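# After the sequence you'll find the predicted model.
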Amino acid sequence: MHKNILVIGGTGMLSDASYELAQQSDVFTSVARTKESLNRFNQRLVNVNTEHHTLSLNWDDKESFISTLRQHINVIGVPDMVVTWLHRSAFIGELSRLFVQTEREVIIYQVLGSSVTNPGKANDIADTVADGINYHQIVLGFTVESGQSRWLRNEEISAGVIAAIKRNQQTYIVGQLEPWSLRP
Ligand SMILES: NC(=O)c1ccc[n+]([C@@H]2O[C@H](COP(=O)([O-])OP(=O)(O)OC[C@H]3O[C@@H](n4cnc5c(N)ncnc54)[C@H](OP(=O)(O)O)[C@@H]3O)[C@@H](O)[C@H]2O)c1
């Protein structure tokens, strides 16, 4: 069990996954841009027995995002597990340095859109992550039903993220990325 969990960008399509992770935690931090999405998610946790912290931060203001997160970690402790759905995927390098510990390896799961299938992009992102972090990628794909392809629904994405965390593979694809020509 991961006791202290931090999720960045988990109040939207990842809300079901965030909810499940919150149930497994003692301390849970949600980072999102708006107070509205954070309050909505906080209400979902009304019967969940965790200490829920909400941080309204904009990753477009990187310095403030990192420094506020650093201050928060100084108060609640370094998380055991971090899940991120960052629209600035390259930001993970700088972010990861916040979680480097001498006594244990923090696990980071980074959720990535299909655009990382561009040659080498996923590896380029992974290369920026700080040493000493147990880093994983969860790549969102599409699905094919009765010969028709479509992008994944929110609940499928959340279920896929939870499955990825259970499997703990270095890279996990939710749905499929191949054949790429079949993408919606
Ligand atoms: N195969 C694929 O690649 C694939 C699959 C499914 C979906 N998608 C794409 O993903 C999209 C849905 O994802 P989405 O990211 O738009 O919505 P979302 O996951 O529903 O919401 C984005 C999350 O990130 C937060 N966030 C957004 N901007 C932020 C910022 N500047 N600073 C801090 N937090 C921020 C949001 O908080 P707030 O709500 O408070 O802003 C929310 O928690 C779909 O439209 C689709 O294009 C791709």
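Looks like it arrived, so ask away. Residues are numbered from 1 along each chain as shown.
# Could you pull up phi and psi at residue 4?
When quoted as degrees, to the nearest 10, the phi and psi of residue 4 stand at phi -120, psi 110.
# Give me the pLDDT for it.
Confidence at residue 4, expressed as pLDDT, is 97.
# neighbours around it, how many?
Neighbours of residue 4 under the rule other C-beta atoms under 10 Å: 20. No exception for glycine: its C-beta is placed from N, CA and C like everyone else's.
# The chain should start at 36 in everything you say after this.
All right, first residue 36 from here; so that's residue 39.
# Cross-check the contact I'm expecting between residue 185 and residue 217.
No. At 10.5 Å, residue 185 and residue 217 do not qualify as touching, with contact defined as C-beta atoms under 8 Å.
# Identify the contacts common to these two.
Listed contacts common to residue 185 and residue 217 are 177, 179; contacts here mean C-beta atoms under 8 Å, 6 or more residues apart in numbering.
# Checking the residue in the chain that the ligand sits nearest to next. Helix, strand or coil?
When distances are taken as C-beta to the nearest ligand atom, the chain approaches the ligand most closely through residue 47, which lies 2.0 Å from it. Under the three-state scheme (DSSP: H, G, I helix; E, B strand; the rest coil), the conformation of residue 47 reads as coil.
# where along this protein do the helices fall?
According to DSSP state H, the chain carries its helices in the segments 50-58, 70-79, 97-111, 127-131, 156-162, 189-202.
# As CSV, could you dump the C-alpha coordinates of the least confident helix or strand in the chain by mean pLDDT?
Of all the helices and strands that make up the chain, the one with the lowest confidence by mean pLDDT, DSSP states H and E is helix 156-162; it has a mean of 91. Once side chains and other backbone atoms are set aside, the C-alpha atoms of helix 156-162 remain, and they are given as CSV (Å, rounded to 0.1, in the frame of the first residue of the first chain):
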residue,chain,number,x,y,z
LYS,A,156,9.6,11.0,-27.8
ALA,A,157,8.7,8.8,-24.9
ASN,A,158,12.4,7.9,-24.5
ASP,A,159,13.4,11.5,-24.7
ILE,A,160,10.9,12.3,-21.9
ALA,A,161,12.1,9.4,-19.8
ASP,A,162,15.8,10.5,-20.2
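# What residues sit buried inside it?
Residues of helix 156-162 classed as buried: 157, 160-161 (neighbour count, 16 or more other C-beta atoms under 10 Å).
# In this structure residue 57 contacts residue 40, no?
Yes. A contact is recorded between residue 57 and residue 40 when judged using C-beta under 8 Å, the distance being 7.3 Å.
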